[in-house]
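Q: Kindly generate the corresponding structure for this input.
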Amino acid sequence: MDLPTRLESLNDFRERKTGVMISTDVLTYGIDIPTVELVINFDMPRMADDIYKTYLHRIGRTGRADRIGVALNLVDKDNEIETLRLIEKHYSRDEMIFKINEKDPEVIAEKLTVDNTH
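A: Purely as a prediction, here's the structure:
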């Protein structure tokens, strides 16, 4: 995608003309769109990268300006699970990994429901 098309897509997303944006790690730096509510990581930061900084920038797109945000990490490889465990340890979090063996989307959605009331 050429630069003008990328900028137009970003602007459409910022103005809520588009509800979904798919991007690379490059977009995780330097954008500020307060209305992002969900980030889905289809892969984890590579070990050669600064995984903690990259991960924080990825998920930092959500929950801006005192809003609730959710980051969902889709991992299935042992090395990605290990990366997520390192991130858990680094940020002193222990509730980041949920194993879901369901194929029914409704059951998965129920297991991933977040209480946004607090």
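
Q: is the residue nearest to the spatial centre of the chain in a bridge, and if so with what?
A: Centroid-nearest residue in the chain: residue 39, 3.0 Å away (criterion: CA atoms, centre = their mean). On the basis of DSSP bridges, residue 39 is bridged to residue 71.

Q: measure it to residue 2 for me?
A: Using CB to CB, to the nearest Å, residue 39 is found at 25 Å from residue 2. Placement of C-beta: from N, CA and C, glycine included.

Q: With residue 46 instead?
A: As defined by CB to CB, residue 46 lies at a distance of 26 Å from residue 2.

Q: Show me which of these two is the more surrounded one.
A: When neighbours are counted by other CB atoms under 10 Å, residue 46 and residue 2 differ, and residue 46 comes out ahead with 13 against 7.

Q: List every C-alpha atom in the least confident helix or strand in the chain by mean pLDDT, with coordinates, as CSV.
A: Here the helix or strand of the chain ranked lowest by mean pLDDT, DSSP states H and E is helix 105-111, holding a mean of 71. Below are the C-alpha coordinates for helix 105-111, written out as CSV (Å, rounded to 0.1, in the frame of the first residue of the first chain):
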residue,chain,number,x,y,z
PRO,A,105,-17.6,-18.5,18.6
GLU,A,106,-20.3,-17.8,21.2
VAL,A,107,-18.5,-19.9,23.8
ILE,A,108,-15.2,-18.1,23.0
ALA,A,109,-16.9,-14.7,23.3
GLU,A,110,-18.4,-15.6,26.6
LYS,A,111,-14.9,-16.7,28.0
